[in-house]
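Student: sequence and computational prediction follow.
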Amino acid sequence: MATLAYPLILASASPRRQELLHQAGYSFTVAPCRLPEPAEPADGVIPAAWAESLAYFKARCVANENPAAIVIGADTIVARGATIIGKPVDQDDARRILTTMFAGRNDVITGLAIIPPVPHKRIITSVTSTIVMRPMTDQELEEYLAGGVWRDKAGAYAFQEGGDKFVQSLQGSVSNIVGLPCEKLQEILQQFAV
């Protein structure tokens, strides 16, 4: 991993993203966006475009206060076709989401926005990984719900916190599923290496 020409800031409070960035070997500070995120996309918004928009929202919020740093914004969503599956509002909603999720193919999409201290430059992209989940038994579903892992998780499950045992097949980046597509991020950050 190359040394970057500017300080690096992760615009996310996610411990999963912080861990992935540490594992990739980067030195960085954490500065989450303090503004409330937009709640829902407008009708007809493509899932990847929504993930990219949320990532840019976070990165721009933090970059405005840190113009001398490279700011990384990321947002992970789950989609089934053109339908975005959000975070559950409560346990009953998590049960509904999981019943849908664990019966077929889902796309895990992470929007990635990098704003460097270079005039008129920003990089906005997304990475999609596809997973096929096996159905949960009623007992597995209730145990998973009781564990609370579904809280604040897109699609109501966490791959890295036991959700992987329900994965039948996976195509794409595992780090993307966890919340930060490290392979793509490293490729982008090479542009700012010393």
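Tutor: Now that the structure is in, tell me what you want to look at. Values in this document were obtained by computation on a predicted structure and should not be read as measured data.

Student: please count neighbours and contacts with C-alpha atoms only from this point.
Tutor: Will do.

Student: contact partners of the top helix by length along the chain?
Tutor: For the chain, the helix that runs over the most residues, judged by DSSP state H, is helix 47-63. The contact list for helix 47-63 (Cα atoms under 8 Å, 6 or more residues apart in numbering) reads 11-12, 31-35, 37-38, 41, 69-77, 79, 82-84, 109-115, 124-126.

Student: what mean pLDDT does it get?
Tutor: If you average the pLDDT over helix 47-63, you get 96.

Student: what of stretch 87-96?
Tutor: The model assigns stretch 87-96 a mean pLDDT of 90.

Student: tell me the gap between it and the middle of its chain.
Tutor: Relative to the mean C-alpha coordinate of its chain, stretch 87-96 is positioned 19 Å out (Cα atoms, centre = their mean, to the nearest Å).

Student: can you pull the buried residues of it?
Tutor: For stretch 87-96, a neighbour-count test (16 or more other Cα atoms under 10 Å) marks 87, 88, 91, 94, 95 as buried.

Student: all helices of the protein, in order?
Tutor: Counting by DSSP H, the helices of the chain are 15-23, 47-63, 91-101, 138-147, 174-178, 182-189.

Student: tell me the most buried of these?
Tutor: helix 47-63 (a mean of 24; mean count of other Cα atoms under 10 Å).
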